[in-house]
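A.B. asks: Starting from these lines, generate the structure:
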Amino acid sequence: MSEGIKVGDAVITLPDGTTASFPLLKGTEGPAVIDIRALYQKLGVFTLDPGFTSTSSCVSSITYIDGDQGELWYRGYRIQDLANSCSFLEVCYLLMYGELPTGEQLDHFESAVKSEMCIHEKLIEFYRSFQQGAHPMAIMVGVVGALSAFLDEKKNYDDPVEREKASIKLVAKFPMLAAIAYRTAYGLPVVYPKRKFSYIKNFLYMMFHDPMNEDFDVDPVIVEAMEKIFILHADHEQNASTSTVRIAGSSLANPFACIAAGIASLWGPMHGGANEAVLNMLDEVKKRGAVDEYLTRAKDKNDSVRLMGFGHRVYKNFDPRSVIMGEIAHRVLETLNSHELELFQLAIEMEKKALADEYFIKRKLYPNVDFYSGVVLEAIGIPRDMFTVIFALSRTIGWISQWSEMMADPVKKIGRPRQLYVGEKCRQIPHARDRLSRTISPALTQRTRNVWSPVKKSIHHHVHKLHVV
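C.D. replies: Numbers count the residues shown, from 1 in each chain. Here you go, the predicted model:
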């Protein structure tokens with residue numbers, strides 16, 4: 001894969017007058033980058049960039065974001081066009097292979113996915129070891145990692161055929177993995193997929209089918225909404241979870257372990273849990289009945305209240321996905337005529353007032369994709385603790401495509417960030433009698449006791465039970 005076109009050199013000069021030049025590279029779109037891979041070799045220094053806000057971690061041809069213009073492309077296609085014209089499986093094919101499929105290619109791809117949808121019965125037994133009420137994301141981290149024991153078999157992932165097989169298996173099995181996580185958490189029996197259903201409908205079937213009823217049907221509006229939601233979340237460039245997948249893969253870990261690492265990263269409330277936080281905010285505003293008061297508090301930097309679902313780390317204009325998500329919300333809630341319609345109307349009111357407020361306009365705080373997605377998912381009947389699982393299900397194709405692209409690079413380097421060390425200088429260990437006899441502050445002693453006491457009680461409790469048995 002091309003590493004971009006060299007358009008010149010960037011010269012870096014240190015305070016002592018030492019200078020060195022580095023290639024300035026330009027990609028298809030977006031800002032140029034300075035290739036600083038030889039920085040330490042040439043100048044003996046590293047860069048410091050917490051959060052990687054100004055660092056390109058890889059070269060990729062999959063997804064492009066222009067945060068200033070509010071653009072998101074998959075393989076050169078605008079997200080709006082894909083969401084309005086394509087199925088999720090077409091987008092999966094696009095992300096995996098680089099082009100949209102022909103009718104014949106799509107039929108073959110869909111058949112391959114359906115053939116791999118079921119998971120091993122031993123893995124279903126593994127689900128039963130989780131207690132009822134376990135968080136579905138906790139279950140997903142475990143079972144996706146456990147796929148390695150069933151599907152890896154020491155494959156050679158330098159082989160593009162093996163990478164393709166692993167990618168199809170993950171995309172195919174994830175709906176059943178996610179559905180069983182939900183049914184395990186809620187103490188419901190496992191439902192197996194049906195070949196006659198589409199990818200999206202199979203997921204909804206495995207989630208919501210009542211075994212007491214032979215028939216299953218779902219409103220086409222719901223299927224279409226889920227189709228679009230999956231497309232909107234399929235990939236998003238080098239975000240936290242995708243970067244996690246890539247850095248795990250850089251050690252040549254198997255793809256199932258890499259995706260499990262991505263799920264763990266996604267689980268955090270700063271990443272995948274944002275739409276649930278929006279619903280919690282709307283619940284709070286609804287209970288108090290005070291939109292203006294909430295917005296006022298959100299503007300107060302000394303107040304803990306935050307306006308959830310507004311603003312984005314990358315988009316400084318608007319999130320192009322949010323417009324589509326707002327349209328989806330309108331259609332779903334009007335079709336279902338559900339009680340979430342009240343929350344949706346409240347969300348619309350908050351959006352209108354925030355976008356008319358100079359404080360939010362000045363800071364370019366516009367609604368992001370999470371502002372409406374939670375309202376839609378809850379209206380469909382998906383519990384809030386499953387929202388991030390839905391996100392993971394949608395994002396699996398992006399993760400595995402990014403992993404596959406990285407593995408296709410003939411020159412592989414393990415991820416190894418540097419640091420700015422500010423700890424102690426090298427020092428000698430005191431003699432045992434000196435270090436063991438020294439005194440420490442009473443506050444530190446008490447803090448240690450506070451941490452250790454519950455642990456000791458738990459140990460004594462379990463040991464006592466063992467002796468009794």
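
A.B. asks: which SSE is the residue lying closest to Asp303 once chain neighbours are set aside in?
C.D. replies: What sits nearest to Asp303 in space, not counting adjacent residues and going by C-beta to C-beta, 6 or more residues apart in numbering, is Arg297, at 4.6 Å. Every C-beta, even on glycine, is put in place using the N, C-alpha and C of the backbone. Taking DSSP states H and E as the criterion, Arg297 maps to helix 291-299.

A.B. asks: which other helices and strands contact that helix?
C.D. replies: Taking 3 or more C-beta pairs under 8 Å, 6 or more residues apart in numbering; DSSP states H and E as contact, the helices and strands that helix 291-299 lies on are helix 274-288, helix 340-355.

A.B. asks: try it again with 7 Å
C.D. replies: Using 3 or more C-beta pairs under 7 Å, 6 or more residues apart in numbering; DSSP states H and E as the contact test, the elements touching helix 291-299 are helix 340-355.

A.B. asks: At which residues are the strands of this structure located?
C.D. replies: Along the chain, the stretches classed as strands by DSSP state E are 5-13, 19-26, 33-34, 63-66, 71-74, 77-78.

A.B. asks: Mind putting those into CSV with mean pLDDT, distance to Glu110 and mean neighbour count?
C.D. replies: Supplementary listing: the strands of the chain in CSV, determined by pLDDT from 0 to 100; distance: least, C-beta to C-beta, whole Å; neighbours: other C-beta atoms under 10 Å:
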stretch, mean pLDDT, distance to Glu110, mean neighbour count
strand 5-13, 95, 38, 12
strand 19-26, 96, 38, 16
strand 33-34, 96, 38, 18
strand 63-66, 96, 23, 20
strand 71-74, 96, 19, 21
strand 77-78, 98, 20, 14
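
A.B. asks: The ones you listed: which one's closest to Thr439?
C.D. replies: Nearest to Thr439, of all the strands of the chain, is strand 5-13, at 49.7 Å by C-beta to C-beta.

A.B. asks: which residues does the residue nearest to Ile34 when sequence neighbours are not counted bridge with?
C.D. replies: By the measure of C-beta to C-beta, 6+ apart, the closest residue to Ile34 outside its immediate chain neighbours is Ala10, 4.6 Å from it. Here Ala10 shows beta-bridge partners Phe22, assigned using DSSP bridges.

A.B. asks: contacting residues around Ala10?
C.D. replies: Contacts for Ala10 were tallied using C-beta atoms under 7 Å, 6 or more residues apart in numbering; they are Ser21, Phe22, Leu24, Ile34.

A.B. asks: Then Ala264?
C.D. replies: So, once contact is read as C-beta under 7 Å, 6+ apart, Ala264 ends up touching Val141.

A.B. asks: Pull up the per-residue confidence for it.
C.D. replies: At Ala264, the pLDDT value in this model is 95.

A.B. asks: got it, and Ser458?
C.D. replies: The predicted local distance difference test score for Ser458 is 65.

A.B. asks: is it true that Leu420 touches Thr47?
C.D. replies: No - using C-beta atoms under 7 Å, Leu420 makes no contact with Thr47, being 9.7 Å away.

A.B. asks: With neighbour numbers in mind, choose between those two.
C.D. replies: Here Leu420 and Thr47 are set side by side on neighbour count (other C-beta atoms under 10 Å), and the busier one is Thr47, at 13 against 8.

A.B. asks: Quick one: residues contacting that one.
C.D. replies: The neighbourhood of Thr47, defined by C-beta under 7 Å, 6+ apart, consists of Ile36, Leu39.

A.B. asks: now do Ser401
C.D. replies: Under the criterion of C-beta under 7 Å, 6+ apart, the contact partners of Ser401 comprise Ile62, Leu95, Met96, Asp235.

A.B. asks: Also Ala179?
C.D. replies: Here Ala179 is in contact with Val191, Phe203, Met206, Met207 (criterion: C-beta under 7 Å, 6+ apart).

A.B. asks: Can you tell me the closest non-neighbouring residue to the third one?
C.D. replies: The shortest distance from Met206 to any residue that is not its chain neighbour, by C-beta to C-beta, 6+ apart, is 3.5 Å, and that residue is Ala179.

A.B. asks: quick one: the residue nearest to Thr18 when sequence neighbours are not counted and Pro15, what's the gap?
C.D. replies: Once its chain neighbours are removed from consideration, Thr18 has its nearest residue in Leu43; the separation is 6.1 Å (C-beta to C-beta, 6+ apart). With distances taken as C-beta to C-beta, to the nearest Å, Leu43 is found 11 Å from Pro15.

A.B. asks: These two: which is more packed in?
C.D. replies: In this comparison of Leu43 against Pro15, neighbours counted by other C-beta under 10 Å, the higher total goes to Leu43 at 16 against 5.

A.B. asks: List the contacts of that one.
C.D. replies: The neighbourhood of Leu43, defined by C-beta under 7 Å, 6+ apart, consists of Ile12, Leu14, Thr18, Ala20.

A.B. asks: follow-up on the earlier one: would you format the strands of the chain as JSON lines with distance to Lys165 included?
C.D. replies: Listed next are those as JSON lines, based on distance: least, C-beta to C-beta, whole Å:
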{"stretch": "strand 5-13", "distance to Lys165": "34"}
{"stretch": "strand 19-26", "distance to Lys165": "33"}
{"stretch": "strand 33-34", "distance to Lys165": "34"}
{"stretch": "strand 63-66", "distance to Lys165": "23"}
{"stretch": "strand 71-74", "distance to Lys165": "22"}
{"stretch": "strand 77-78", "distance to Lys165": "26"}
